[in-house]
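# Got a predicted structure plus its sequence, pasted below:
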Amino acid sequence: MTEHPIYQKAESFIKQFYIENQFSSEACNNRLSEIKKSLSDSGSYEHTYEELEYGAKLAWRNSNRCIGRLFWNSLNVFDMRKADTEEQVKEALIQHIAYATNDGKIRSTITVFNPSETSGDPVRIFNHQLIRYAGYLQEDGRVMGDPHSVKMTEFCHALGWKGEGTDFDVLPIVIQIKGNDPYYFDVPKDLIKEVEITHPDSAAFNKLGLKWYAVPIISEMKLEIGGIEYPAAPFNGWYMETEIAARNFTDENRYNMLPNTAKAFNLSTKLQSTMWKDRAVLELCTAVMHSFKKAGVSIVDHHTASQQFELFEQREKEENRKVTGDWTWLIPPVSPASTHIFHKQYDNTWKSPNFFYQPSLLQ
Ligand code: HEM
Ligand SMILES: N/C(=N/c1cccc(CO[C@@H]2CCNC2)c1)c1cccs1
């Protein structure tokens with residue numbers, strides 16, 4: 001009988017799951033024949049909770065662009081495959097935010113909704129991240145808020161949502177249950193933990209009024225395990241400070257705060273060769289670390305994160321597993337050559353289970 005296209009992927013995942021957990025090969029073979037039968041009966045198969053949990057952890061361990069993989073085995077996995085109404089999905093997402101935030105002691109968490117079917121995706125999330133600031137394109141061409149969010153903000157306006165028009169308005173979460181219209185809701189404000197970004201040595205910097213949200217929760221990627229695709233599987237860790245300081249606040253097409261930061265530290269911006277940009281980025285990194293620590297919110301600096309990644313590499317070697325990685329993403333955007341990552345090469349082979357981009361729902 002011709003093999004089902006999913007069977008190959010299912011077989012290699014199930015074998016990996018049974019071997020790494022030291023379950024018996026007899027149990028493995030029983031599970032494989034169960035899956036074979038399910039595939040020939042219905043064209044798909046269903047993961048047990050244990051398979052789903054381990055598959056999500058493997059997807060993180062296989063994420064070539066992630067520097068935070070040392071903690072792959074401590075991922076908290078919520079199985080929300082039963083949620084099939086707007087209310088149930090909303091409750092699950094709100095619970096994810098509350099559980100992951102944990103009053104600042106962030107817990108790495110993923111919530112998995114129902115997998116794709118031939119008739120379409122049961123649940124989709126429109127947001128890039130569950131918590132993200134809006135961006136408003138103004139008549140004068142300037143953007144209020146986060147330029148990265150302009151398209152999503154316009155989409156939310158079209159659905160009837162209205163923001164306050166500040167630089168830091170949290171967008172609503174927009175979901176779509178198969179066949180229904182998109183449905184949006186505001187995250188209860190008391191569940192959104194934010195950090196005021198201040199600098200220990202500069203009152204002028206503090207006047208810039210910067211802040212950022214505590215928990216990054218990626219909600220637009222697809223989780224694939226053993227040939228089954230989960231298009232809605234939001235996951236969070238904690239931030240590495242450079243993401244906020246050297247990208248979100250620094251990129252010219254984001255909050256573009258280098259000139260204002262330089263001014264707050266009396267750095268002349270006339271000549272590039274004075275390294276004013278480098279000094280300003282470092283002050284932003286210092287401010288983000290200082291502020292998150294003061295607020296009791298988990299964060300990691302790029303040196304510590306690189307060291308943790310090195311430990312991950314060592315542990316994987318001890319387990320006789322080859323580490324794959326995407327060097328271009330693994331090196332931090334600040335002082336990359338001060339980390340071990342810069343000075344070695346990585347095999348960027350894409351292993352499954354893993355996370356994947358999927359076509360944006362915003363046309
Ligand atoms: C626990 C703390 C974690 C830290 C500090 C961390 C750090 C990072 C950083 C800095 C990036 C690069 C992001 C960018 O340059 O825009 C990244 C990428 C990534 N991380 Fe992690 N991570 C963590 C946890 C996780 C978890 C829990 C998952 C999933 C279960 C995950 C999956 C990924 C994936 C899939 C990417 C690549 C995203 C893309 O291709 O756009 N990470 N991580
Ligand atoms: N610290 C993090 N950083 C990111 C991890 C994955 C993706 C992103 C955002 O990626 C965007 C696309 C390219 N850069 C920005 C950020 C985490 C988010 C969720 C779990 S850990």
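Nice, thanks for sending it over. Ligands and ions are numbered 1, 2, ... in the order given.

# distance between the ends of stretch 113-131?
Length of stretch 113-131, first residue to last, Cα to Cα, to the nearest Å: 18 Å.

# anything in it sitting right up against ligand 2?
No - Stretch 113-131 does not reach ligand 2 (Cβ under 6 Å from any ligand atom); its nearest approach is 7.2 Å. Yep, even glycine has a C-beta here, placed from its N, CA and C like the rest.

# Buried residues in stretch 202-210, which are they?
202, 205-206, 208, 210 (16 or more other Cβ atoms under 10 Å).

# Present the residues you listed as CSV; the columns should include pLDDT, distance to K277 and secondary structure.
Formatted as CSV, the entries for the buried residues of stretch 202-210 read as follows, by pLDDT from 0 to 100; distance: Cβ to Cβ, whole Å; DSSP: H, G, I helix; E, B strand; the rest coil:
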residue, pLDDT, distance to K277, secondary structure
S202, 98, 17, coil
F205, 98, 16, helix
N206, 98, 21, helix
L208, 98, 16, coil
L210, 98, 17, coil
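
# Please convert those to JSON lines, extending it with distance to P234.
Shown next, in JSON lines, are the buried residues of stretch 202-210 (distance: Cβ to Cβ, whole Å):
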{"residue": "S202", "distance to P234": "36"}
{"residue": "F205", "distance to P234": "33"}
{"residue": "N206", "distance to P234": "33"}
{"residue": "L208", "distance to P234": "31"}
{"residue": "L210", "distance to P234": "26"}
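
# residue ranges with poor pLDDT in the stretch 201-350 of the chain?
The model of the stretch 201-350 of the chain has no residue with pLDDT under 70.

# Would you mind naming what in it lies close to ligand 2?
216, 218, 235-237, 239-240, 243.

# near ligand 1, which of these show up?
Within those, those near ligand 1 by Cβ under 6 Å from any ligand atom are 235, 237, 240, 243.

# Out of those, which is nearest to ligand 2?
Ligand 2 lies nearest to G237 out of those, by Cβ to the nearest ligand atom, at 3.1 Å.

# Mind jotting down where the helices sit in this structure?
5-20, 25-42, 49-61, 86-101, 150-158, 203-206, 241-242, 258-264, 276-295, 302-318, 327-330 (DSSP state H).

# State the number of residues packed around the closest residue to ligand 1 within the stretch 101-250 of the chain.
Ligand 1 sits closest to G237 of the stretch 101-250 of the chain, with a gap of 2.5 Å, by Cβ to the nearest ligand atom. Neighbours of G237 under the rule other Cβ atoms under 10 Å: 23.

# if you skip the residues just before and after it, what's nearest to it?
S108 (4.8 Å; Cβ to Cβ, 6 or more residues apart in numbering).

# what about the one you found, neighbour count?
19.
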